[in-house]
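Enquirer: Here is the input, now give the coordinates:
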Amino acid sequence: MAEENQNITRIELDGKEYILIGTAHVSKQSAEQVKEVIEREQPDSICVELDKQRYESIVNGDKWKEMDIFQVIKEKKATLLLINLAISSFQKRMAAQFGIKPGQEMIQGIESADEIGAELVLADRNIQITFSRIWGNIGFKGKMSLLTQVLAGVFSKDAITEEELEKMKTQDSIDSVLSEFTKSFPKLKEPLIDERDQYLAQKIRKAPGEKIVAVLGAAHVPGITKEFHKEHDLKALTKLPPKSKTPKIIGWAIPLVIIALIAYTFIANPMDGWQQIMSWLIWNGGFSAVGVIIGLGHPLAVLTALVAAPITSLNPLMAAGWFAGFVQALVKRPNVSDFESLSEDVFTVKGFWRNKVTRILLIVILANLGSTVGTIIAGTDILRVFFENL
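Expert: Here you go, the predicted model:
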């Protein structure tokens, strides 16, 4: 049986009572409501919509200071980290409007569990698994569109009233938001919303005790309520999608084709062959270097991109941005103050370029993007010269 009252959903199942609190992640009222409900209900367990990684990020606010920027580049996590920082800045900017911390309702759930001696349950799926299942599910066009919308939302200056924020917690508004969401990215809803609803429902159901309170983002409450009476396989929901062989095949095929076209042209007309090589060097290295310049990189990082891009573009295992990023990190190594100010600097576009940490991440991404653009332009020119010599 489920009974809904404002932002509270009560479910009774197998002799246990579950109280789901639908919250907005930067709402002062949400945090206050979480405290009030837990104090009144005195549950045995409190479930929060966090995984271990996000929980540690909340309880260890200084974790950024321990980040090894060289390791981030080496593990190819520059783009993921920059997106995480961008989304974090969006939440923090909204939270700053209302004088609260982002995720305050989750913090309140953690603190209340400690205060009343309830067991804390981290009920959400690992964020990296969710990202992996999203990323492998939306295709190249979807990835570009998603990145564009995320960044546009992050750097938007539009303010939102707390009244508008509270309206997001009503059932009709949620359905409307999800409807628009699935129109833009129909393949994104399944891993981001549906699968997590199933995972959250299963973790909440299995929480110890006879009375359980769950602190959740309001958008998940209808789906969790729908999935609550079903059994869900957590292992299946946490399985990483198999990596497609297509990108790897394309990644090796393009440089092999480029080399073959230049070799053929060299045999037919050495002068045109040299023209193709110069085109490859100039366009590939030039655009990658321009990317580093846009990222306000050090001249040595610019030179590194200029030299590395034409070589790395012929080897899918390497990327010009990694080399440019390493050089930037060596000559402009971030200091403690950069990590301490990271959470403030990501509030603005200017801050992203000013902070040495985010500037390195930008250089990695922009150098790689420039190299990709250069590969397309140079490849087109090489193909043109090849057909002229057929």
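
Enquirer: I figured residue 209 hits residue 45, correct?
Expert: Yes - contact between residue 209 and residue 45 holds when scored by Cβ atoms under 8 Å: they sit 4.6 Å apart. From N, CA and C alone the C-beta is placed, and that goes for glycine too.

Enquirer: Quick check: neighbours shared by these two?
Expert: Residues touching both residue 209 and residue 45 comprise 118, 119, with contact defined as Cβ atoms under 8 Å, 6 or more residues apart in numbering.

Enquirer: which one of these two has more residues nearby?
Expert: A direct count of neighbours by other Cβ atoms under 10 Å for residue 209 and residue 45 places residue 45 higher, at 22 against 15.

Enquirer: can you tell me how far the more buried one sits from residue 215?
Expert: Distance from residue 45 to residue 215, counting by Cβ to Cβ, to the nearest Å: 11 Å.

Enquirer: Residue 48 too?
Expert: Distance, residue 48 to residue 215, by Cβ to Cβ: 5 Å.

Enquirer: Would you mind listing the buried residues in the helix or strand hosting residue 131?
Expert: In the assignment (DSSP states H and E), residue 131 maps to helix 127-135. Counting neighbours by 16 or more other Cβ atoms under 10 Å, one finds that the buried residues in helix 127-135 are 127, 129, 130, 132, 133, 134, 135.

Enquirer: which strands and helices sit next to that helix?
Expert: With contacts defined as 3 or more Cβ pairs under 8 Å, 6 or more residues apart in numbering; DSSP states H and E, helix 127-135 has these neighbours: helix 52-59, helix 195-205.

Enquirer: Mind giving me the packing neighbours of the first one?
Expert: It refers to helix 52-59. When contacts are defined as 3+ Cβ pairs under 8 Å, 6+ apart, helix 52-59 packs onto helix 104-116, helix 127-135.

Enquirer: buried residues in that helix?
Expert: Neighbour counts over helix 52-59 (16+ other Cβ under 10 Å) mark 54, 55, 57, 58 as buried.

Enquirer: got the angle for it vs helix 104-116?
Expert: An angle of 80 degrees separates the directions of helix 52-59 and helix 104-116 when computed by axes from the mean of the first three to the mean of the last three Cα atoms, to 10 degrees.

Enquirer: Now do the following helix or strand past helix 52-59: which elements does it pack against?
Expert: Scanning forward in sequence from helix 52-59 by DSSP H and E, the next helix or strand is helix 69-74. Counting contacts by 3+ Cβ pairs under 8 Å, 6+ apart, helix 69-74 is packed against helix 320-331, helix 356-388.

Enquirer: Now do the buried residues in the longest one.
Expert: Of the residues in helix 356-388, those scored as buried under the neighbour-count criterion (16+ other Cβ under 10 Å) are 356-375, 377-379, 381-382, 385-386.

Enquirer: do the first one as well
Expert: Of the residues in helix 320-331, those buried by neighbour count under the rule 16+ other Cβ under 10 Å are 320, 321, 322, 323, 324, 325, 326, 327, 328, 329.

Enquirer: Same check on stretch 241-255?
Expert: For stretch 241-255, the neighbour count (16+ other Cβ under 10 Å) marks 254, 255 as buried.

Enquirer: which of the helices and strands packed on helix 127-135 has the lowest average pLDDT?
Expert: Set side by side, those show their lowest mean pLDDT on helix 52-59, which sits at a mean of 80.

Enquirer: can you state the direction angle for that one and helix 127-135?
Expert: 120 degrees.

Enquirer: how about helix 52-59 as CSV, C-alpha atoms only?
Expert: The C-alpha trace of helix 52-59 is given here as CSV (Å, rounded to 0.1, in the frame of the first residue of the first chain):
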residue,chain,number,x,y,z
LYS,A,52,30.3,5.3,-1.7
GLN,A,53,32.2,7.7,-3.9
ARG,A,54,29.7,10.5,-3.5
TYR,A,55,29.4,9.8,0.2
GLU,A,56,33.1,10.2,0.7
SER,A,57,33.1,13.4,-1.4
ILE,A,58,30.5,14.8,1.0
VAL,A,59,32.1,13.8,4.2
